[in-house]
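Trainee: Quick one: sequence and predicted model below, then my questions.
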Amino acid sequence: MAQTVIVKPELIRWAIERSRLSMDDLLRAFPKLDAWRRGEHAPTFRQLERFARKTMTPLGYLLLDAPPDETIPIPDFRTVGDTPIDRPSPNLIETIQAMQRRQAWMREYLIEEGCERLSFVGGARSARNIVSLAARIRVTLGLNVDWAEQHATWEDALRTLRNSAERIGVLVATASVVGLNNHRPLDPEEFRGFVLCDEYAPLIFVNGADSKSAQMFTLAHELVHVWVGRGGLFNLIHTMPHGDQAERFCNKVAAEFLVPAHKLRERWDEVKGASKPFHTIARWFKVSPVAAARRALDMRLIDRATFSAFYEQDQADWHKRKTQQKKKKGGPNFYTVQDVRLGRRFAYAVVRAAREGRLLYREAYQLTDLKGETFAKYADRLLRKMIDERR
């Protein structure tokens, strides 16, 4: 009979809560789980290993005397009903850690390349004027005030904003799962995105499980954070930012960047009597209808009751669309997705360093989650694409 391992029941209970998995799911995998968490029975070492993998818990944590106090290594500006979120999910923690590893490598790579610090990172720490800062960011990105309206779709506009950010030196990664694990989806209700500020390699992560129009606001919001020079984690539940003064400022600048107040006032008469005014505004500026409605509320073009009624209906519609999307099969090409998941600026640096012998291939595999022939095929495609675009 296999020898059991003494594990304190509170650690079993902590791992269950931390995983955010359903008890029904866990009980199917571990029929004696109820006895484990009551301390009436102990798992074998192999069972404990399986339990650790299933709950996404480092095995060593389960052998401690008490649950560890896990904290997010960046400022946390997430709230639910103005209350901070206490416990991050394993998916969020591992995603932040993976991005920190990428950023640390990229910073060292850029310094070795002789690159200079990016002057815009933290260049607006003392900024107070919302409109002028939004305009300043647009100029640095090489975008005019009508840039979003010039695109037919949210996808095109989002691609332009992402490419513009990467062109000036910002790393942008967008993913909907942890690494390549489709069984570990990222929850947009837990976080929309985060930014890791650095003068050489500022990194923005956007939760790809969110809608394209919502991703647009997240990317704009985190870009403002780069200019302010302040990293952090972001969610914007019920369209309300964290109570922190700087976070509210970033939110207002992002709104002005995407939906300039003077542009919306000029066109408000066109839509105020329409059946779906916020959807029309959203199509103009390539933001979500909720972001459009929130902008109208902040500019006092509508009242709170109108906004609240629209918000509740939009949320119901969004959950319905999300359920329908889950039933659809298929998706974009795997290798095309990697450009967005990794960010082309980062991916190109890793591929180049590996091909030049400055980075071990096993380290390149760890940084990209791509291995062997998959990495080689992606590298070939990326390099060909970069060459074609420069012609």
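Mentor: Looks like it came in fine. Numbers count the residues shown, from 1 in each chain.
Trainee: from here on, contacts and neighbour counts on C-alpha atoms
Mentor: Noted.
Trainee: quick one: low-confidence ranges for this protein?
Mentor: 1, 79-86, 236-243, 318-319, 321-331, 391 (pLDDT under 70).
Trainee: How about the contacts made by the nearest residue to R192 once chain neighbours are set aside?
Mentor: Spatial nearest neighbour of R192, excluding adjacent residues (Cα to Cα, 6 or more residues apart in numbering): N235 at 4.7 Å. Residues near N235 by Cα atoms under 8 Å, 6 or more residues apart in numbering: 77-79, 188-193, 241.
Trainee: how about a markdown table for those residues, with neighbour count, secondary structure and distance to G208 added?
Mentor: As requested, the contacts of N235 are exported to a markdown table (neighbours: other Cα atoms under 10 Å; DSSP: H, G, I helix; E, B strand; the rest coil; distance: Cα to Cα, whole Å):
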| residue | neighbour count | secondary structure | distance to G208 |
| --- | --- | --- | --- |
| F77 | 20 | coil | 19 |
| R78 | 25 | coil | 17 |
| T79 | 21 | strand | 20 |
| P188 | 21 | coil | 8 |
| E189 | 15 | coil | 12 |
| E190 | 20 | coil | 13 |
| F191 | 23 | coil | 11 |
| R192 | 25 | coil | 8 |
| G193 | 27 | strand | 9 |
| P241 | 22 | coil | 20 |
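Trainee: Pick the one among those closest to V224.
Mentor: G193 (12.9 Å; Cα to Cα).
Trainee: Tell me how far that closest one lies from E112.
Mentor: Per Cα to Cα, to the nearest Å, G193 is found 29 Å from E112.
Trainee: what's the answer for L196, then?
Mentor: Taking Cα to Cα, one finds L196 at 20 Å from E112.
Trainee: Give me the more crowded residue out of the two.
Mentor: Between L196 and E112, counted using other Cα atoms under 10 Å, the more crowded position is L196 (24 against 9).
Trainee: just checking, the more buried one touches L203?
Mentor: Yes - between L196 and L203 there is a contact under Cα atoms under 8 Å: 5.1 Å.
Trainee: all helices for the stretch 201-350 of the chain, in order.
Mentor: 212-228, 245-258, 261-271, 277-285, 289-298, 304-327, 334-342, 344-355 (DSSP state H, counting those that start in this stretch).
Trainee: what does the stretch 51-200 of the chain give?
Mentor: 90-112, 130-141, 154-167.
Trainee: which of these is buried the deepest?
Mentor: Each of the helices of the stretch 51-200 of the chain was scored by mean neighbour count; the highest is helix 154-167, a mean of 19, by mean count of other Cα atoms under 10 Å.
Trainee: in the one helix or strand D380 maps to, what counts as buried?
Mentor: Per DSSP states H and E, D380 falls inside helix 372-390. For helix 372-390, burial by neighbour count (16 or more other Cα atoms under 10 Å) applies to 375, 378-379, 382.
Trainee: Kindly report the same for stretch 14-23.
Mentor: Buried-residue list, stretch 14-23, by 16+ other Cα under 10 Å: 14-16, 18-19.
Trainee: how about the CA coordinates for that stretch, as CSV?
Mentor: The C-alpha trace of stretch 14-23 is given here as CSV (Å, rounded to 0.1, in the frame of the first residue of the first chain):
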residue,chain,number,x,y,z
TRP,A,14,-6.8,26.8,0.6
ALA,A,15,-5.7,25.1,-2.7
ILE,A,16,-9.4,24.4,-3.6
GLU,A,17,-10.5,28.0,-3.0
ARG,A,18,-7.4,29.3,-4.8
SER,A,19,-8.0,27.2,-7.9
ARG,A,20,-11.5,28.5,-8.4
LEU,A,21,-12.5,25.1,-9.7
SER,A,22,-15.9,23.6,-8.9
MET,A,23,-16.1,21.0,-6.1
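Trainee: And the contacts of that stretch?
Mentor: 55-57, 62, 67, 87-90.
Trainee: want to throw these into TSV with distance to N207?
Mentor: As requested, the contacts of stretch 14-23 are arranged in TSV below (distance: Cα to Cα, whole Å):
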residue	distance to N207
T55	21
M56	19
T57	22
L62	29
P67	28
R87	18
P88	15
S89	14
P90	15
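Trainee: Please identify, among these, the one with the most neighbours.
Mentor: Neighbour max across the contacts of stretch 14-23 (other Cα under 10 Å) = L62, 24 neighbours.
Trainee: can you tell me which residues contact that residue?
Mentor: 7-8, 11-12, 15, 52.
Trainee: Could you do E49 as well?
Mentor: L59.
Trainee: List the buried residues for whichever strand or helix holds it?
Mentor: E49 belongs to helix 45-54 when assigned by DSSP H and E. The neighbour-count criterion (16+ other Cα under 10 Å) identifies 48-49, 51-52 as the buried residues of helix 45-54.
Trainee: quick one: it to chain centroid distance?
Mentor: Helix 45-54 sits 29 Å away from the centroid of its parent chain (Cα atoms, centre = their mean, to the nearest Å).
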